[in-house]
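J.: sharing a model prediction with you, sequence too.
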Amino acid sequence: MDLTGWMLARAAPRPLLVPLPGGRGVRLAVERVIRERGWDQAAGPAGADLFVVCGSPGPALVAEVERVWSQLPSPRSRVDVGDADAVVGELDRARARLAEPEHHRADAARRSGEGHIAVAEGGRGAPHDMHGGHATHGSDDVSSCGGQDAHGGHDGHGSQDESRGGGHGMHGGADESQDGHEVGGGHDMHMMHGGVVAGLPMAERAPDRDGLTLDVLHVTLGPILTDWPAGLVVRVALQGDVVQSAQVEVLGGPGSPWDGPPAAAALDGLARLLAVCGASTAARTARRLRDDVLAGGVDDAELRRFTRRLRRSSTLRWATDGIGWLDDSHGDLAGDATDRWRRWLEVAEGAVPAGDPDRRARVAVDVLPGLLEGHELAAARVLVASLDPDLDALVAPREAAR
């Protein structure tokens, strides 16, 4: 074995998970296996070498999956997993391909012939770089649910008062406390409608909410995005980093609603919210507890210690207070983002029953466009994560616009 093969065989993979509609079972199985193996998930294509498609994309998502796959730099390996029982074997085979220099030489030759541009680490080698979001860096102290900058300042040194009531400038929620890679940040925000010059999106101009004429940039979030509901597409018009209008679409066919323990569903949604807020260590704990619940062996004392730490986290409340407020007519989505994650804690503990996932998903899709207006883009990620619509529960794809 040459030096390249020796290094490839010993380096831990950096998988990028691509959850698809109807692929929840596969995603849960993949997350469990990579956690048990100690592999760190990549936040976007630029930091990944293993591309894991969870489920079947269907006609509406094939092009999107291929677009994101084309952004992974070499060396890379891909696996499409359609069955949760096949996860271990498929990951083993994909991992073995990463250690084969011949596989990478053939892949490089194929990409050269197809005209692909590899995305350099931390760079912009492709027009649709998932690392297009703002990022700040901090520690991941569970007591503060840390890692994110919730101060609204672009240099991470603003005041708390400047960020309340929806002005939460977390700028992608990056966390470098574990290994120097962004966690919960680096999100795919491919941009459209303003014109493209040399592969870069250009802005339009229009009156803002105060009647001033400012640049308008049209940005699309999803449908493939880290810690994002599978199949959800949100198109926003931005002036500065404030959402002026939004449209929501659901891609893919109907799946089936969550049929596992409600506590596991609550911990699953909580893990995504924590990751978006930059609390990668707390997110990993939530996923491990979720897997324990699914396996029927959760430690109740550990679960309650974890939920107690989150309730005491002033930084997590700071990052979510005032975002996406809904009145009591919206059922278990009522309140703001903080109220919603606190309700997840109660469901995880078995203190309150879980709501109807179909109703929750329909309400979330209907209210999301209006809720997004006036929020900063980083806060929009938190808002979506707090709603956590189970789109597989929808009878058919829906579109809402405002």
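T.: Good, I have the coordinates.
J.: in space, what's closest to residue 338 - neighbours in sequence excluded?
T.: Nearest residue to residue 338, sequence neighbours excluded (Cβ to Cβ, 6 or more residues apart in numbering): residue 320, at 4.4 Å. Quick note: C-beta positions are derived from backbone N, CA and C, even for glycine.
J.: any chance you could map the helices in the chain?
T.: 3-10, 24-36, 58-71, 87-98, 101-114, 262-276, 280-295, 300-311, 314-320, 337-349, 357-372, 377-387 (DSSP state H).
J.: how many other residues sit next to the nearest residue to residue 15 once chain neighbours are set aside?
T.: Spatial nearest neighbour of residue 15, excluding adjacent residues (Cβ to Cβ, 6+ apart): residue 50 at 4.2 Å. For residue 50, the count of nearby residues is 25 (other Cβ atoms under 10 Å).
J.: for residue 50, give me the pLDDT.
T.: Looking at residue 50, its pLDDT reads 95.
J.: does the residue nearest to residue 338 touch residue 385 like I think?
T.: No - the criterion here is Cβ atoms under 8 Å, and residue 320 misses it with residue 385 at 9.2 Å.
J.: between those two, which contacts overlap?
T.: 273, 277, 337 (Cβ atoms under 8 Å, 6 or more residues apart in numbering).
J.: next up, the contacts around residue 78.
T.: So residue 78 contacts 50, 51, 52, 53, 69, 94 (Cβ under 8 Å, 6+ apart).
J.: out of the residues you listed, who has the most neighbours?
T.: residue 52 (27 neighbours).
J.: dump the residue contacts of it.
T.: Contacts of residue 52 (Cβ under 8 Å, 6+ apart): 15, 16, 17, 18, 30, 78, 79, 81, 91, 94.
J.: please report phi then psi for residue 259.
T.: phi -120, psi 10 (degrees, to the nearest 10).
J.: please report the distance of it from residue 393.
T.: Separation of residue 259 from residue 393 (Cβ to Cβ, to the nearest Å): 10 Å.
J.: so between these two, which is more surrounded?
T.: Remark: of residue 259 and residue 393, residue 393 carries more neighbours, 18 against 9, as counted by other Cβ under 10 Å.
J.: show the pLDDT at the more buried one.
T.: Note for residue 393: predicted pLDDT of 80.
J.: please name the nearest non-neighbouring residue to it.
T.: residue 257 (3.7 Å).
J.: doesn't residue 392 make contact with that neighbour?
T.: Yes - at 6.3 Å, residue 257 counts as touching residue 392 under the criterion of Cβ under 8 Å.
J.: about what we covered before: figure out which of the helices of the chain is closest to residue 231.
T.: Proximity to residue 231 (Cβ to Cβ) singles out helix 58-71 among the helices of the chain, at 7.2 Å.
J.: check contacts around residue 345.
T.: Contacts of residue 345 (Cβ under 8 Å, 6+ apart): 266, 270, 307, 310, 311.
J.: quick revisit: just the helices of the chain: most buried one?
T.: helix 377-387 (a mean of 27; mean count of other Cβ atoms under 10 Å).
J.: quick one: that one to chain centroid distance?
T.: Centroid displacement of helix 377-387 relative to its chain, using Cα atoms, centre = their mean, to the nearest Å, is 10 Å.
J.: likewise stretch 102-118?
T.: Offset of stretch 102-118 from its chain centre (Cα atoms, centre = their mean): 28 Å.
J.: nearest residue to residue 72 in space, please, no chain neighbours.
T.: residue 45 (4.9 Å).
J.: my read: the one you found touches residue 74, true?
T.: No - the criterion here is Cβ under 8 Å, and residue 45 misses it with residue 74 at 11.8 Å.
J.: in terms of neighbours, single out the busier of these two.
T.: residue 45 (28 against 13).
J.: what does the pLDDT read for the more buried one?
T.: 94.
J.: please apply the same query to residue 72.
T.: pLDDT for residue 72: 94.
J.: also the one 10 residues further on?
T.: What the model reports for residue 82 is a pLDDT of 93.
J.: try the one 4 residues further on
T.: Taken from the predicted model, the pLDDT recorded for residue 86 is 95.
J.: next, count neighbours for it.
T.: Neighbour tally, residue 86, other Cβ under 10 Å: 14.
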